[in-house]
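S.K.: Structure, please.
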Amino acid sequence: MAGEPGAGRNDDQRLADSLRAGDVIALTEVYDTYAPFLFDYCHGLLRDRVEAAGALRNVVIAAREHVDRLTEPERLRGWLYAIARKECMRRRDSPNRHVGQEAPEADDALSPEQLARRAERRMLAHSALAALNGRQREAIDLSVRHELDEVDLCGVFGIPLEETLALVEKARTDLAAALRAALIAQSHRESCPSVAALAGSWPLTPQASASLVRHVESCPVCGAQETPPLPPDRLLSVLPVAAIPADLRLDVLTAATAEDRAGNRRAIAAWTEPFDEYGWPLPYQPAAPRARDRSPRRRGPLLAAVAVGVGIMVLFVGAWSWLHSGSGGTNSAATGPTAPGDSGSPEDSGVPEPSPTSPSPTVSSPSPTKSRSPSPSPSKTPSRTPSTKPPTRPTTRTPVPSRPGILLVSGCEMERRDSCTIRITAVGGPVNWRVTDTSGPVQAGGAGRLDAGESSGVQVSRATSFCIGSQRGSVTFSPGGTASVSFIC
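M.R.: Residues are numbered from 1 along each chain as shown. Okay, the predicted model is just below:
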């Protein structure tokens, strides 16, 4: 990807061991080795250089604070990407996030002719990638440009290895089909009137790209067209790489080591929790929406019913008092127990997010699961097959603790599909869960029991077939947990 190949897997373990020993020089080496690629990844997720710089700073700090948790030090690089993704998801969920200042592209010192060829190839890449959903594009980017293998990816996304393998395979298959359709639109549109109509603009929009893929699969004229082979690593190598700010290094290393910033580091480290049994951060869980943010159409009937109930109770108590005014009885209010909720994310703890300790970077970089291959140079497949145990849940169940656990929920994005799956996990003990409410144009239901460390999926679908633009909703679970859901009409 950007720059020269980084450290090998043996260096990952050496750097992890040095970080555990408190070696400040190792922290500097970690930054110099991984920061350019992590910054590019963060900028891809956040699309703002200031947010990407802040995310990178927090990744380095959290890595130093939590490196003792990592049970596979040879997986340090992928673990850093998992921390980066969680931090970026947390920032994307903030209503106060900084927006509008994308980082400049890293300078490749190309000639005008080379820049023109790259621009043409880049439009082709954008047209092909437009047919993929967001999760597929991210998986392709991490596996090809950042060279993460599937074991790293399952830790970055927080999904089982089998699901990760299926995701990567489907993403590569869909990308190949989209690339072929884009090449036909680029070079053979005059052979088929339908292609000319679908490819009215270049690069292709997501809707046009998806429609073109479906057309090419069923059209005998387009099916007979020959297109040149173009591996994913060559296709994605022309995409822009965000330039990391030159003055960010001092800011990050100072924030990670200065004695007077220990309190800030503890707050930043808390945002990365909780972790799984292998020391990888669990996916980010958005905070539950406040009551006033819930859908009015669901609150209205409930408030009306409560008002009627209160009125009846007042009448009943008044009549009883009139009939038995001499009884001297007392009436006490009862409050039911609150359902056990999430232990609370650091965002809810009232600890303000530390702001960068040095001026905002003058340049920024683009941005967003785990990678074992240390070198950021593109490759079609991971450089090695997983040799260590994948970060999936143990097959044997742990003894049921004496107290109930916490339900962690993970939102999902339908993109243009009709449904997606919310991931739920029991942490710290068994959980009896159920869907209690939905908000927005989504529908879901279900209930069950999870043992400690066990995960399950809850399918959520659109509640309406007609809509315009981007839509958002949420699914509320008991005990406490709310998952956000979004889709595109």
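S.K.: and Thr425, that one's in a helix?
M.R.: No: under DSSP: H, G, I helix; E, B strand; the rest coil, Thr425 falls outside any helix and is assigned strand.
S.K.: Now do the contacts for it.
M.R.: Neighbouring residues of Thr425 by CB atoms under 8 Å, 6 or more residues apart in numbering: Leu282, Leu407, Leu408, Val409, Ser410, Leu450, Gly453, Glu454, Ser455. From N, CA and C alone the C-beta is placed, and that goes for glycine too.
S.K.: who touches the last one in this structure?
M.R.: Residues near Ser455 by CB under 8 Å, 6+ apart: Pro160, Arg393, Arg423, Ile424, Thr425, Ala426.
S.K.: can you list those in CSV and add distance to Cys192 and pLDDT?
M.R.: Formatted as CSV, these follow (distance: CB to CB, whole Å; pLDDT from 0 to 100):
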residue, distance to Cys192, pLDDT
Pro160, 42, 93
Arg393, 49, 42
Arg423, 42, 86
Ile424, 46, 88
Thr425, 48, 85
Ala426, 53, 82
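S.K.: Please identify which of those is nearest to Leu198.
M.R.: Of all these, Arg423 has the smallest distance to Leu198: 35.4 Å, by CB to CB.
S.K.: That closest one contacts Pro283, correct?
M.R.: Yes: applying CB atoms under 8 Å as the test, Arg423 and Pro283 come out as touching, 7.2 Å apart.
S.K.: Could you name every residue contacting both of those two?
M.R.: Gly158, Ser410.
S.K.: so where does the residue nearest the centre of the chain fall, helix or strand?
M.R.: Geometric centre of the chain, nearest residue: Met89, 5.2 Å, by CA atoms, centre = their mean. Element membership for Met89, per DSSP states H and E: helix 76-92.
S.K.: Render the CA-only coordinates of that helix in PDB, please.
M.R.: The C-alpha coordinates for helix 76-92 follow below in PDB (Å, rounded to 0.1, in the frame of the first residue of the first chain):
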ATOM      1  CA  LEU A  76       0.200  -7.400  17.100                       C
ATOM      2  CA  ARG A  77      -0.400  -5.700  13.700                       C
ATOM      3  CA  GLY A  78      -3.900  -7.100  13.300                       C
ATOM      4  CA  TRP A  79      -4.700  -6.300  16.900                       C
ATOM      5  CA  LEU A  80      -3.800  -2.700  16.300                       C
ATOM      6  CA  TYR A  81      -6.300  -2.600  13.400                       C
ATOM      7  CA  ALA A  82      -9.000  -4.000  15.700                       C
ATOM      8  CA  ILE A  83      -8.400  -1.200  18.200                       C
ATOM      9  CA  ALA A  84      -8.400   1.300  15.300                       C
ATOM     10  CA  ARG A  85     -11.700   0.200  14.000                       C
ATOM     11  CA  LYS A  86     -13.400   0.300  17.400                       C
ATOM     12  CA  GLU A  87     -12.000   3.800  18.000                       C
ATOM     13  CA  CYS A  88     -13.200   5.000  14.600                       C
ATOM     14  CA  MET A  89     -16.700   3.500  15.100                       C
ATOM     15  CA  ARG A  90     -16.900   5.300  18.400                       C
ATOM     16  CA  ARG A  91     -16.000   8.600  16.800                       C
ATOM     17  CA  ARG A  92     -18.400   8.100  13.900                       C
END
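S.K.: chain center to the helix or strand containing Gly44: distance?
M.R.: Per DSSP H and E: Gly44 is located in helix 24-46. Relative to the mean C-alpha coordinate of its chain, helix 24-46 is positioned 18 Å out (CA atoms, centre = their mean, to the nearest Å).
S.K.: Return the residues in contact with Ile468.
M.R.: Cys489.
S.K.: quick one, domains of the protein?
M.R.: Following automatic domain parsing, one finds the domains of the chain at 1-106+242-273+346-373, 112-236.
S.K.: on that earlier part again, any idea of the mean pLDDT in the helix holding Met89?
M.R.: Averaged across helix 76-92, pLDDT comes to 96.
S.K.: which helices and strands sit right next to it?
M.R.: Using 3 or more CB pairs under 8 Å, 6 or more residues apart in numbering; DSSP states H and E, the elements in contact with helix 76-92 are helix 9-20, helix 24-46, helix 49-66, helix 150-157, helix 262-272.
S.K.: and the angle for that helix with helix 24-46?
M.R.: Angle, helix 76-92 to helix 24-46, by axes from the mean of the first three to the mean of the last three CA atoms, to 10 degrees: 50 degrees.
S.K.: right, and the helix or strand after helix 76-92?
M.R.: helix 112-129.
S.K.: Convert that next one to CSV, retaining C-alpha atoms only.
M.R.: Below are the C-alpha coordinates for helix 112-129, written out as CSV (Å, rounded to 0.1, in the frame of the first residue of the first chain):
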residue,chain,number,x,y,z
PRO,A,112,1.8,13.8,-15.8
GLU,A,113,1.3,10.8,-18.1
GLN,A,114,1.4,8.4,-15.2
LEU,A,115,-1.1,10.5,-13.3
ALA,A,116,-3.5,10.5,-16.2
ARG,A,117,-3.3,6.7,-16.5
ARG,A,118,-3.8,6.4,-12.8
ALA,A,119,-6.8,8.6,-12.8
GLU,A,120,-8.4,6.5,-15.5
ARG,A,121,-7.7,3.3,-13.7
ARG,A,122,-8.9,4.9,-10.4
MET,A,123,-12.3,5.6,-12.0
LEU,A,124,-12.5,2.0,-13.1
ALA,A,125,-11.7,0.8,-9.5
HIS,A,126,-14.4,3.2,-8.1
SER,A,127,-17.0,1.9,-10.6
ALA,A,128,-16.3,-1.8,-9.6
LEU,A,129,-16.2,-1.1,-5.8
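S.K.: Name the residues of the following helix or strand past that helix that come out as buried.
M.R.: Moving toward the C-terminus from helix 112-129, the next helix or strand (DSSP H and E) is helix 134-140. For helix 134-140, a neighbour-count test (16 or more other CB atoms under 10 Å) marks Arg135, Gln136, Arg137, Glu138, Ala139, Ile140 as buried.
S.K.: Next one, pLDDT for the first one please.
M.R.: So the one you mean is Arg135. 93.
S.K.: Over to the fifth one?
M.R.: Looking at Ala139, its pLDDT stands at 95.
S.K.: hang on, the residue nearest to the centre of the chain packs against Pro281?
M.R.: No: applying CB under 8 Å, one finds Met89 not in contact with Pro281, separated by 10.5 Å.
S.K.: who touches Thr28 in this structure?
M.R.: Leu253.
S.K.: For it, give its distance to Val60.
M.R.: To Val60, Thr28 is 10 Å away according to CB to CB, to the nearest Å.
S.K.: Give me the common contacts of these two.
M.R.: Residues touching both Thr28 and Val60 by CB under 8 Å, 6+ apart: Leu253.
S.K.: residues near Ser461, how many?
M.R.: Here the number of neighbours of Ser461 (other CB atoms under 10 Å) works out to 14.
S.K.: how near is it to Ser474?
M.R.: According to CB to CB, Ser461 stands 14 Å off from Ser474.
S.K.: Equivalent analysis for His66, please.
M.R.: To Ser474, His66 is 29 Å away according to CB to CB.
S.K.: Looking at the two, which is more packed in?
M.R.: Neighbour count, other CB under 10 Å: between His66 and Ser474, Ser474 has more, with 25 against 18.
S.K.: check contacts around Ile25.
M.R.: Neighbour list for Ile25: Ser18 [criterion: CB under 8 Å, 6+ apart].
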